[in-house]
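Student: The following block contains a protein sequence and its predicted model.
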Amino acid sequence: MSKLAIIGTIDVVPGKRGEILTALAAHKARCLRDESGSLEFEIMTPHEDETRVLLYEVYRDDAAFDVHRRGPSIAQFRKETNAIVVGIQVTKCALLA
């Protein structure tokens, strides 16, 4: 099986990006600590768009991503940020050599 990369885009209520970044930092720490298939998790902020956050995540395989998206950390993140997230888009990618 090959590794799976995820590109995530989170659209945030204007003025709330700092709050989402705090919640994402905690989520990232939990994922990397508690999910053996979670290999990399990067949080990025576009220079010209204060209402958007980008994510780059790498998982051991599709099954590891399924564990992540059904796990307690993402549930906690969603609960904490429900009022400030406008939308989330996820693109699954194959990692090429």
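Tutor: In hand now; what should we look at? Numbering: from 1, shown residues only.
Student: use CA for all of it now, contacts and neighbours both
Tutor: Noted.
Student: need the longest helix for this protein.
Tutor: helix 17-34 (DSSP state H).
Student: helix/strand/coil for the spatially most central residue of the chain?
Tutor: Nearest to the mean C-alpha position of the chain, by Cα atoms, centre = their mean, lies residue 55 at 5.2 Å. Put simply, residue 55 is strand when judged by DSSP: H, G, I helix; E, B strand; the rest coil.
Student: what about this structure, any weak spots by pLDDT?
Tutor: For the chain, applying pLDDT under 70 flags the ranges 1.
Student: rewinding a little: chain center to the helix or strand following the longest helix of the chain, what's the gap?
Tutor: Per DSSP states H and E, the first helix or strand lying C-terminal to helix 17-34 is strand 38-44. Averaging C-alpha positions (Cα atoms, centre = their mean, to the nearest Å) puts strand 38-44 7 Å from its chain's average.
Student: Check the gap between residue 88 and residue 60 for me.
Tutor: Applying Cα to Cα, to the nearest Å, the value for residue 88 to residue 60 is 22 Å.
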